[in-house]
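[1] turn this into a structure:
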Amino acid sequence: MNRENFYENKSNKINGLYPECKTCTKSRTTKWRNDNLNKHKLHIKKYRASEKGNKTKNRLDKEYRDSGKYRKWCNNHKESLKGYHNERAERKNHTISEEEWTACKIHFGYCCAYCSMSIEDQHHNFSKDFSRDHVDDNGANDLSNCVPSCTSCNSRKWKHDMLEWYTKQEFFSEYKLGCIYSWLSFDYQKYIKVS
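    Predicted coordinates for the structure are as follows:
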């Protein structure tokens, strides 16, 4: 018994190794996972939601992208990606006029609704304009569900619930949260064009 052929077991007080070899352990866990897919998916979801799991996932995702395997996979699966991106883009496109978008940015002082990054810093660091963030990922595609967001906040928020995500950020501000709710509840109505 050695660490090359056996996994470490800290609860085992004798020698610190699992009684099964690595091969047997892998086949046993694979069988359990196949027999209990729903439990396994629930466990993975819970783990990835934890701080440790999120860091691990982000590290592994970055390693996967940097290794070139992700680009290779994308090149081999263009058809399935094409359908996914088209469907997602159609669902996620805002139907906001330029006048409405300008009014939205003015309301937030030409700053990110979340972290207060100015539009000048956004130009310098990322792209020319803020992202039109869907506050509720499954909500409307009009001004009632849109705030200006820097590229960084928009990608970090992703599909998370806005309030749950925002209150955990180091730049969280009660004042900015009030501005967001004020805009989503009342202020947008002054500028929205009814077609």
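
[2] so Thr95 touches Ser144, yeah?
    No: using CB atoms under 8 Å, Thr95 is not in contact with Ser144; the gap is 11.1 Å. Bear in mind the C-beta positions are built from the backbone N, C-alpha and C, glycine included.

[3] more neighbours: which of the two?
    Comparing Thr95 with Ser144 by other CB atoms under 10 Å, the one with more neighbours is Ser144, at 15 against 12.

[4] list the contacts for the more buried one?
    184, 188-189, 192 (CB atoms under 8 Å, 6 or more residues apart in numbering).

[5] and the pLDDT at it?
    Looking at Ser144, its pLDDT is 90.

[6] next: the one 5 residues further on.
    Note on Ser149: pLDDT of 93.

[7] i'd like the first residue to be 35 from this point on
    New numbering, starting at 35: the last item is Ser183.

[8] now do the buried residues in the host helix or strand of Glu133.
    Glu133 is part of helix 132-141, with elements assigned from DSSP states H and E. Using 16 or more other CB atoms under 10 Å as the test for burial, helix 132-141 gives 134-135, 137-139, 141.

[9] in space, not sequence, find me the middle residue of this structure.
    Trp192 (3.5 Å; CA atoms, centre = their mean).

[10] and that residue, its phi and psi?
    phi 50, psi -120 (degrees, to the nearest 10).

[11] sketch out the low-pLDDT regions of this structure for me.
    Scanning the chain for pLDDT under 70 picks out 46-49, 115-127, 158-161, 228-229.
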